[in-house]
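Chemist: Coordinates only, no sequence provided:
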Ligand code: FES
């Protein structure tokens with residue numbers, strides 16, 4: 001049985017960054033991304049190999065800031081859906097997490113799987 005986790009980050013954290021990396025109590029990391037004024041959260045794990053995506057701590061986007069890019073082999077993921085549109089795991093999806101947007105905060109529900 002998995003333990004459910006609730007993680008939070010503040011809107012202020014997105015003033016200078018398009019993404020925020022959160023560390024869960026079970027050691028896994030989560031990326032929260034802001035794209036087209038909306039927030040999305042995914043488990044920070046590529047669908048090709050079980051490695052983290054960020055190419056530099058907390059940096060997830062490609063040079064055009066249009067796609068989440070895996071730092072290992074360059075898979076590109078749509079930030080709104082987590083769908084891989086290019087790379088060795090093409091057509092797979094990142095593990096999407098529920099996001100609750102509050103006035104000053106973003107709450108992420110993670111089922112621990
Ligand atoms: S590990 Fe991410 S594309 Fe290969």
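Modeler: Arrived safely, thanks for sending. It should be emphasised that the depicted structure is a prediction, and the values quoted were computed from it without experimental measurement. Residues are numbered from 1 along each chain as shown.

Chemist: Any buried residues in stretch 90-99, and which?
Modeler: Of all the residues in stretch 90-99, those buried under the rule 16 or more other C-beta atoms under 10 Å are 94, 95, 97, 99. Where you see a C-beta, it was placed from the backbone N, CA and C, and this is true even at glycine.

Chemist: got the residues of the protein near the ligand?
Modeler: With C-beta under 6 Å from any ligand atom as the criterion, the chain meets the ligand at residues 46, 48, 49, 51, 70, 72, 73, 75, 87, 88, 89.

Chemist: quick one: which of those is most hemmed in?
Modeler: Of the residues of the chain next to the ligand, residue 70 is surrounded by the most neighbours, 26 neighbours in total, counting by other C-beta atoms under 10 Å.

Chemist: and the two most separated of the residues of the chain next to the ligand?
Modeler: Largest separation among the residues of the chain next to the ligand by C-beta to C-beta: 51 and 87, giving 12.8 Å.

Chemist: hey, what's in contact with both of these two?
Modeler: Jointly contacting residue 51 and residue 87 under the rule C-beta atoms under 8 Å, 6 or more residues apart in numbering are residue 70.

Chemist: Below-threshold pLDDT in this protein: ranges please.
Modeler: In the predicted model, the chain carries pLDDT under 70 at residues 1-2.

Chemist: Many thanks, I have nothing further to ask.
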